[in-house]
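Engineer: When you get a sec, could you give me coordinates for this:
(one chain, ligands or ions: 2)
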Amino acid sequence: MPRIIAVMNPQIAVGKTTTVVNLAHALSSLGHQVTAIDMTADKTLTGLLNASLGAHGLSDVMLNNMNLAAVITQLKAGFNLVSPGTGLLDYEHIESGSLNRAKKLKQAIANSQVKHDDFVLIDCPSQPGLLMFNALFAADEVLVPVTPSYMSLQGLVRVTDIFKRIYPSGNSLSKLWLILTRVGSDSAKMEAIKSKVITQFPQRMFASAIAENSVIASTSYDGTNIFTDQRSDEANDYLLVADDILYGRTL
Ligand SMILES: Nc1ncnc2c1ncn2[C@@H]1O[C@H](COP(=O)(O)OP(=O)(O)OP(=O)(O)O)[C@@H](O)[C@H]1O
Ligand SMILES: [Mg+2]
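Structural biologist: Ligands and ions are numbered 1, 2, ... in the order given. Reported below is the predicted structural model:
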């Protein structure tokens, strides 16, 4: 089975989608087979990847029991995308099936060729609900992008609260990773927030951080991205994060 990583923070604009796009590029450029799953109804990830899509998406898997393999788009060697499809949010209102409702994505991965991948990265919705719980149950690991702001830390607290509800016993936080994103020039503030987080979550924050950077922000809907030039500083930053993931390098 692949390492399945849900990229999650209920706080908006912390860099969840940007993290998924660039980590998927980084891991696939290192030779790993990666599938990115766009679980956001607004299709931001799919838009950023400028994918020309088939008729179907994740909504057909969740709502109509289509095989996950049938809704995959290959973007390049080693990098596949599952787009949200149409009406994905309807899944939030599914009432039959009790706990199985929350394990649909986990089963869909296990029943498809995606189970042979090296990595599955899930761009999670910001709103807690059935889709977010599907991502959590499918994932072995949860990566929370944290920006150097106290608002963003509130999102981290919410993720840990959700964790504790799902895993009332056991060391669930061993599934949690943190990444500092959008790090600006106020280094005093950044260090203050960083040390607060590390004290609370020792050895969970990846050693490499991502700076606030106009080149990263300009990853755009025409498909250009920082990996167009593999040797760009920005691509290198994400390659370092990919190494942190591969080797468990933390602060
Ligand atoms: N390292 C960065 N440097 C500069 N801008 C960034 C960086 N990371 C993300 N951004 C920009 O910040 C905005 C929010 O990023 P992104 O969409 O990845 O966040 P998100 O957490 O997925 O948001 P949402 O909650 O709306 O899904 C985007 O305009 C993106 O281009
Ligand atoms: Mg997003």
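
Engineer: in the stretch 101-250 of the chain, which spans are strands?
Structural biologist: Secondary structure of the stretch 101-250 of the chain by DSSP state E, counting those that start in this stretch: the strands cover 119-123, 141-146, 176-180.

Engineer: would you say Gln74 is within a strand?
Structural biologist: Yes: the assignment for Gln74 (DSSP: H, G, I helix; E, B strand; the rest coil) places it in a strand.

Engineer: Give me the neighbour count for it.
Structural biologist: Residues contacting Gln74 under the criterion other C-beta atoms under 10 Å number 11. Where you see a C-beta, it was placed from the backbone N, CA and C, and this is true even at glycine.

Engineer: List the contacts of it.
Structural biologist: For Gln74, the contacting residues are Asn80, Leu81, by C-beta atoms under 8 Å, 6 or more residues apart in numbering.

Engineer: Quick check: it vs Leu53, distance?
Structural biologist: The spacing between Gln74 and Leu53, counted by C-beta to C-beta, to the nearest Å, is 12 Å.

Engineer: And the strands of the stretch 101-250 of the chain: which comes nearest Glu92?
Structural biologist: With C-beta to C-beta as the measure, strand 119-123 is the member of the strands of the stretch 101-250 of the chain nearest Glu92 (16.1 Å).

Engineer: What would that closest one look like as CSV? C-alpha coordinates only.
Structural biologist: Output in CSV follows, covering the C-alpha atoms of strand 119-123 (Å, rounded to 0.1, in the frame of the first residue of the first chain):
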residue,chain,number,x,y,z
PHE,A,119,2.3,8.0,-2.3
VAL,A,120,-1.3,9.3,-2.3
LEU,A,121,-1.6,13.0,-1.4
ILE,A,122,-5.1,14.2,-0.5
ASP,A,123,-6.0,17.9,-0.8
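
Engineer: can you tell if that strand touches ligand 1?
Structural biologist: No: using C-beta under 6 Å from any ligand atom, strand 119-123 stays clear of ligand 1, coming no nearer than 6.8 Å.

Engineer: what separates that strand from the chain centre, distance-wise?
Structural biologist: The chain centre lies 5 Å from the centre of strand 119-123; the measure is C-alpha atoms, centre = their mean, to the nearest Å.

Engineer: and among the strands of the stretch 101-250 of the chain, the most buried is which?
Structural biologist: Among these, strand 119-123 has the highest mean neighbour count (mean count of other C-beta atoms under 10 Å), at a mean of 26.

Engineer: So which elements touch it?
Structural biologist: Judged by 3 or more C-beta pairs under 8 Å, 6 or more residues apart in numbering; DSSP states H and E, strand 119-123 is in contact with strand 3-7, helix 16-29, strand 34-38, helix 130-138.

Engineer: Could you export those to CSV, including columns for mean pLDDT?
Structural biologist: CSV is the format used below for those (pLDDT from 0 to 100):
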stretch, mean pLDDT
strand 3-7, 97
helix 16-29, 96
strand 34-38, 98
helix 130-138, 94
